[in-house]
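Visitor: Predicted model and sequence follow; I will ask about them next.
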Amino acid sequence: EAQVTQNPRYLITVTGKKLTVTCSQNMNHEYMSWYRQDPGLGLRQIYYSMNVEVTDKGDVPEGYKVSRKEKRNFPLILESPSPNQTSLYFCASSPGDHYGYTFGSGTRLTVV
Amino acid sequence: AQSVSQHNHHVILSEAASLELGCNYSYGGTVNLFWYVQYPGQHLQLLLKYFSGDPLVKGIKGFEAEFIKSKFSFNLRKPSVQWSDTAEYFCAVFNNNDMRFGAGTRLTVKP
């Protein structure tokens, strides 16, 4: 089944403890992206990647890192999480602009 | 930079009523436009898309949208809503791996 898989689905962590949210797609898509969704603010792009080893900042990249060493994987790294990073995170992939994104199921992160 | 505006924050309808959700975009180039739906507790799912051709596009679950270039609009419509259409709806414009979403419209359908 064609899909974008994120793990974990839920995560509660403490301030400052490094964490990684994994994202993998099995559709051979070139584009991948991370969004966060917050009430009243909609979806905001954190980072995106056009292909392997090509990443760019989105609208809200502060406090996040990404890497794209393989086409299928696009992990989101929070080196020192803070409470303002408590949010619902979505990974997405796309074969190109005409097709739109396929979204993963989301990761609900709580930083205490 | 491209951007999207959705005018309706929350829409409440009774079953069988007709639906129209507004979406306006700002982008000077060729547009790729999308409507996504997010059911409570779930991820975003694609309803329909437009990038060229017939400006009236049909999507899943009986939804359709009309691209009106002169108005920079891409409104979503459904002739008769059902209780199961209760969800949040997002309009988006997508270029060069940059997808911009509107703030979303929450639709509540009363049985």
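Guide: Great, that's in hand. Residues are numbered from 1 along each chain as shown, chains lettered A, B, ... in the order given.
Visitor: Quick test: name the residue nearest the centre of chain B.
Guide: B:Trp35 (3.7 Å; C-alpha atoms, centre = their mean).
Visitor: partner residues bridging the residue lying closest to B:His43 once chain neighbours are set aside?
Guide: Leaving out its chain neighbours, the residue that sits closest to B:His43 by C-beta to C-beta, 6 or more residues apart in numbering or on different chains is A:Phe103, at 4.5 Å. (Glycine included, C-beta is placed from N, CA and C.) Beta-bridge partners recorded for A:Phe103 (DSSP bridges): A:Ala92.
Visitor: Please pull out the lowest mean pLDDT helix or strand from chain B.
Guide: Lowest on mean pLDDT, DSSP states H and E among the helices and strands of chain B sits strand B:98-101, with a mean of 87.
Visitor: what lines up beside that strand in the sheet?
Guide: Next to strand B:98-101 in the sheet, as set by DSSP bridges, lie strand B:87-95 (antiparallel).
Visitor: which parts of the longest strand seen in chain A are buried?
Guide: Taking DSSP state E as the criterion, chain A has its longest strand at strand A:42-51. Using 16 or more other C-beta atoms under 10 Å in any protein chain shown as the test for burial, strand A:42-51 gives A:Gly42, A:Leu43, A:Arg44, A:Gln45, A:Ile46, A:Tyr47, A:Tyr48, A:Ser49.
Visitor: Out of those residues, which are close to chain B?
Guide: Among those, the residues lying close to chain B (C-beta under 8 Å from any C-beta of the partner chain) are A:Gly42, A:Leu43, A:Gln45, A:Tyr48, A:Ser49.
Visitor: Show me the beta-bridge partners of the residue lying closest to A:Pro81 once chain neighbours are set aside.
Guide: Closest residue to A:Pro81 in three dimensions, ignoring its sequence neighbours and counting by C-beta to C-beta, 6+ apart: A:Val111, at 4.5 Å. Taking DSSP bridges as the rule, A:Val111 bridges to A:Thr13.
Visitor: burial measure for A:Val111, as a count.
Guide: The number of residues packed near A:Val111 is 20, by other C-beta atoms under 10 Å in any protein chain shown.
Visitor: I'd say it and A:Gln85 touch.
Guide: Yes: contact status for A:Val111 versus A:Gln85: in contact at 5.4 Å, counting by C-beta atoms under 8 Å.
Visitor: does the residue nearest to the centre of chain B sit in a helix or strand, and which one?
Guide: Secondary structure from DSSP states H and E places B:Trp35 in strand B:33-38.
Visitor: other SSEs contacting that strand?
Guide: strand B:44-50, strand B:64-68, strand B:73-78, strand B:87-95 (3 or more C-beta pairs under 8 Å, 6 or more residues apart in numbering or on different chains; DSSP states H and E).
Visitor: Need the residues that contact the helix or strand following the first one.
Guide: Spelled out, it's strand B:44-50. Using DSSP H and E, the next helix or strand after strand B:44-50 towards the C-terminus is strand B:56-58. Applying C-beta atoms under 8 Å, 6 or more residues apart in numbering or on different chains, the contact partners of strand B:56-58 are B:Leu48, B:Lys49, B:Tyr50, B:Glu64, B:Ala65, B:Glu66, B:Phe67.
Visitor: Find the nearest non-adjacent residue to the first one, please.
Guide: Yep, that's B:Leu48 we're talking about. Distances taken as C-beta to C-beta, 6+ apart place B:Gly59 nearest to B:Leu48, at 2.7 Å, with adjacent residues excluded.
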